[in-house]
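Undergrad: 3D, please:
(chains A and B)
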Number of protein chains: 2
Amino acid sequence: MTKGKSLRDRRCVVLGGGGFIGTHLSRRLAGKVGSLRAFGRSENRPRALSGIEWLGGDFNDPRSIRGALEGCDVVFHLINASTPSSANLDKIGDLKSNVVSTIQLLDACVAAGVQRVIFVSSGGTVYGVPQSLPTREDDACWPITSYGISKLAIERYLHLYEYIHGLEYRILRVSNPFGPHQTAERDQGVIGAFLRRIINEQPIELWGDGSVSRDYLYVDDVIDAFELAMLHEGRSRVFNIGSGVSRTLNEVIAALENVTGKKIDIVRKDGRLVDIPVSVLDISRARNELGWIPKTEFDAGLRSTFQWLIETQ
Amino acid sequence: MTKGKSLRDRRCVVLGGGGFIGTHLSRRLAGKVGSLRAFGRSENRPRALSGIEWLGGDFNDPRSIRGALEGCDVVFHLINASTPSSANLDKIGDLKSNVVSTIQLLDACVAAGVQRVIFVSSGGTVYGVPQSLPTREDDACWPITSYGISKLAIERYLHLYEYIHGLEYRILRVSNPFGPHQTAERDQGVIGAFLRRIINEQPIELWGDGSVSRDYLYVDDVIDAFELAMLHEGRSRVFNIGSGVSRTLNEVIAALENVTGKKIDIVRKDGRLVDIPVSVLDISRARNELGWIPKTEFDAGLRSTFQWLIETQ
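TA: Residues are numbered from 1 along each chain as shown, chains lettered A, B, ... in the order given. This is a model prediction of the structure:
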């Protein structure tokens, strides 16, 4: 069976289809897979999804989810009810809205005969303070945010459901994705946030001395990994998806000055406890087992994001 | 400061003080520590705790918990709302009654100025199908029961609260404890359950062919580990607490025949999916860092348990 043929066989639903990664994923899959539905909060439908079947609903409502799954065999689970910095403020709310809702989803998947769930986990938070750099999938996971604990718990329930019910899963621990369609509504995505302030000629707020480093990955590369995870038949279940390169905030700002041609004003603030100093993922498993490689140069990704923001703001 | 002096300084509460391990722990600590309170469901107070301060209440009720913590600096968290086999039947209920309630507990600990929480985790379930035998604390944790996932999530919240609030913690991943005071109410504790049936001259129900092996530890040895964890000042937070010896069910039955002097009737049933084939813990970290060793010979532990059952049934 060729890869093209396989994709054509899949009937997919993207949960969180109106979000940043969900929008890109839905656009990529449309026309490639047998059928595609994007699901998300009713008010959240992006114009970028025109021509794609959209179902508005509430992820916490089992009836909504049953409707979303109808006739699907591949489920992309991209829903986050919180962000790394907001989750700690309401740990119980975070646990309920993310983990409890996902258990309901998995029960619905089993009932609906779904074949595979692909879950976007968080390469930047599940490991906590990294045991080694770059961090491997099998390294210790002791998150320092409630957000990371919820992601980790969901990963474990996925494993349990495959063990008990045969519901296949793949977990993509995505690092720090950036690109077009990353909205400013939530405080994820430092690159988009910085670019917005540059375009609006506002200073950038920088927590700490700018030495905090992260593994930034352009969104097109993330979507490549989702496609490959849908067809993967090997034994591994968890894949780090990052650039494999660590960049400090100071380096990001220098790159943004270069790409935008503007001098950036910086307002420095105290470091935050949720910020681990360094995060960079070992991506050799995804390279070897998914055949995935990140293709987009960092500056090229910044330029696309900048261009999109100028056109849409 | 001598160890004796340190114990005298501690004001302790045992949450789940009416349970199997909680009863032993409360009895051991009484008179050794500065003050001691046992907390549990009102109807659950064992006669074995006479002379020990008892507070009845509901672990899920934050007001009950605030009362339990009052004036305490060491909290032993021994409460389980489920068992390994019951948890999968209501995963969401399990998550709420164990994990959500523990988050409430940890918030209350921070507010009350508690210094340290000692949590009994599950050496038999958090690792899932073991990555190596004997299993080390840093091995992969992919539970195959909802019970194990809840334990794992609680471990992670403990880590988060120390990171954010400085609330100290120690985690004891206890293997399969047995001994007096293990009640038959819940389906934990195969040794107690077998002994009861032997005493009542009933046949034993055996799931699978009896080759399933576990790491059985006499309860007195478990309590030693709790005492040491209360005073531990090293860097490790997680300790396997087991015998380090793997015994098959068939070997357990042979030992029980030897200790009780009775021939045991066996009714064989199909194996259960929640039963991993082998579980045995690497206890070198607890030996090296806590200075703990299991002292009770298996047969001696069986004899004490048998004796207690005969006297109390």
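
Undergrad: Local confidence estimate at the residue of chain A most remote from its centre?
TA: What lies farthest from the middle of chain A is A:Lys263; by C-alpha atoms, centre = their mean that is 30.2 Å. What the model reports for A:Lys263 is a pLDDT of 91.

Undergrad: same deal with the one 10 residues further on?
TA: As summarised for this prediction, A:Leu273 has a pLDDT of 62.

Undergrad: Kindly report the same for A:Lys5.
TA: 55.

Undergrad: who in the stretch 1-150 of chain A is up against chain B?
TA: A:88, A:91-92, A:95-96, A:99-100, A:103-104, A:128, A:138, A:140-146, A:149 (C-beta under 8 Å from any C-beta of the partner chain). All C-beta spots, glycine's among them, are computed from the backbone N, C-alpha and C.

Undergrad: Go through those and flag which are in helices.
TA: Among the residues of the stretch 1-150 of chain A next to chain B, the residues falling in helices (DSSP state H) are A:91-92, A:103-104, A:146, A:149.

Undergrad: who wins for most neighbours among those?
TA: Greatest neighbour count in those, by other C-beta atoms under 10 Å in any protein chain shown, goes to A:Ile149: 33 neighbours.

Undergrad: And it, how close does it get to A:Pro180?
TA: Distance, A:Ile149 to A:Pro180, by C-beta to C-beta, to the nearest Å: 30 Å.

Undergrad: for A:Glu70, same thing?
TA: 30 Å.

Undergrad: Neighbour count: these two, which is higher?
TA: A:Pro180 (21 against 13).

Undergrad: pretty sure that one is in a helix, no?
TA: No - A:Pro180: not assigned to a helix; according to DSSP: H, G, I helix; E, B strand; the rest coil it is coil.

Undergrad: can I assume it is in contact with A:Ile223?
TA: No - the criterion here is C-beta atoms under 8 Å, and A:Pro180 misses it with A:Ile223 at 11.9 Å.

Undergrad: shared neighbours of those two, which are they?
TA: A:His24 (C-beta atoms under 8 Å, 6 or more residues apart in numbering or on different chains).

Undergrad: Output the below-cut-off pLDDT ranges for chain A.
TA: A:1-5, A:184-188, A:273-274 (pLDDT under 70).

Undergrad: What ranges does it have for its strands?
TA: A:11-15, A:35-40, A:53-56, A:74-77, A:116-122, A:168-174, A:176-178, A:204-207, A:213-214, A:216-218, A:238-241, A:247-248, A:266-269 (DSSP state E).

Undergrad: Format those as TSV; extra columns: mean neighbour count.
TA: TSV is the format used below for those (neighbours: other C-beta atoms under 10 Å in any protein chain shown):
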stretch	mean neighbour count
strand A:11-15	25
strand A:35-40	24
strand A:53-56	16
strand A:74-77	26
strand A:116-122	23
strand A:168-174	24
strand A:176-178	25
strand A:204-207	17
strand A:213-214	22
strand A:216-218	25
strand A:238-241	26
strand A:247-248	17
strand A:266-269	11
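
Undergrad: okay, those strands in TSV with distance to A:Ile198 next?
TA: Output for the strands of chain A, formatted as TSV (distance: least, C-beta to C-beta, whole Å):
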stretch	distance to A:Ile198
strand A:11-15	31
strand A:35-40	29
strand A:53-56	32
strand A:74-77	32
strand A:116-122	26
strand A:168-174	25
strand A:176-178	14
strand A:204-207	8
strand A:213-214	18
strand A:216-218	16
strand A:238-241	27
strand A:247-248	17
strand A:266-269	11
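
Undergrad: of all those strands, which lies closest to B:Glu297?
TA: Set against B:Glu297 and scored by C-beta to C-beta, the strands of chain A come closest in strand A:238-241, at 41.9 Å.

Undergrad: could you check whether that closest one is close to chain B?
TA: No - no part of strand A:238-241 sits near chain B under the criterion C-beta under 8 Å from any C-beta; the closest distance found is 9.5 Å.

Undergrad: Describe which strands that strand pairs with in its sheet and in which direction.
TA: strand A:168-174 (parallel) (DSSP bridges).

Undergrad: Just the residues contacting the partner strand, thanks.
TA: Counting by C-beta under 8 Å, 6+ apart, A:21, A:115-123, A:126, A:137, A:155, A:158-159, A:161-162, A:217, A:222, A:225-226, A:229-230, A:232, A:237-242, A:281 sit against strand A:168-174.

Undergrad: now the angle from that strand to strand A:116-122?
TA: Relative orientation of strand A:168-174 versus strand A:116-122 (axes from the mean of the first three to the mean of the last three C-alpha atoms, to 10 degrees): 20 degrees.

Undergrad: Can you give the distance from strand A:168-174 to the centre of its chain?
TA: Distance, stretch centre to chain centre, for strand A:168-174: 11 Å (C-alpha atoms, centre = their mean, to the nearest Å).

Undergrad: what's the residue farthest from the centre of chain A in contact with, if anything?
TA: Neighbouring residues of A:Lys263 by C-beta under 8 Å, 6+ apart: A:Glu257.

Undergrad: and if we set it to 10 Å?
TA: Contact analysis of A:Lys263 by C-beta atoms under 10 Å, 6 or more residues apart in numbering or on different chains lists A:198, A:257.

Undergrad: go on, A:Ser243?
TA: Counted by C-beta under 10 Å, 6+ apart, A:Ser243 has contacts A:175-177, A:214-218, A:221, A:280-281, A:283, A:294, A:296-298, A:301.

Undergrad: switch to 8 Å and redo it
TA: A:175, A:215-217, A:221, A:283, A:294, A:298.

Undergrad: One more: A:Gly192?
TA: A:178, A:182-184, A:305, A:309.

Undergrad: redo that, cut-off 10 Å
TA: Counting by C-beta under 10 Å, 6+ apart, A:Gly192 touches A:20, A:178-184, A:305-306, A:308-309.

Undergrad: One more: A:Ala68?
TA: If you count contacts by C-beta under 10 Å, 6+ apart, then A:Ala68 has A:13-15, A:17, A:37-40, A:55-57, A:59, A:75, A:105, A:108, A:112 around it.

Undergrad: One more pass at 8 Å, please.
TA: Here A:Ala68 is in contact with A:13, A:15, A:37, A:39, A:55, A:57 (criterion: C-beta under 8 Å, 6+ apart).

Undergrad: Name whatever forms a beta bridge with A:Val278.
TA: Under the criterion used (DSSP bridges), A:Val278 bridges to A:Ser213.

Undergrad: With chain B as the reference, measure out to it.
TA: Per C-beta to the nearest C-beta, to the nearest Å, A:Val278 is found 16 Å from chain B.

Undergrad: my guess is that residue meets A:Ser246, correct?
TA: Yes - applying C-beta under 8 Å, one finds A:Val278 in contact with A:Ser246, separated by 6.1 Å.

Undergrad: Overlap in contacts, those two.
TA: Counting by C-beta under 8 Å, 6+ apart, the residues touching both A:Val278 and A:Ser246 are A:133, A:213.

Undergrad: correct me, but A:Glu155 touches A:Val120?
TA: No - using C-beta under 8 Å, A:Glu155 is not in contact with A:Val120, being 10.8 Å away.

Undergrad: doesn't A:Phe76 make contact with A:Cys12?
TA: Yes - between A:Cys12 and A:Phe76 there is a contact at 6.7 Å, judged by C-beta under 8 Å.

Undergrad: any idea how far A:Trp207 is from the residue farthest from the centre of chain A?
TA: 21 Å.

Undergrad: Contacts only, for A:Gly93.
TA: Applying C-beta under 8 Å, 6+ apart to A:Gly93 gives the contacts A:81-82.
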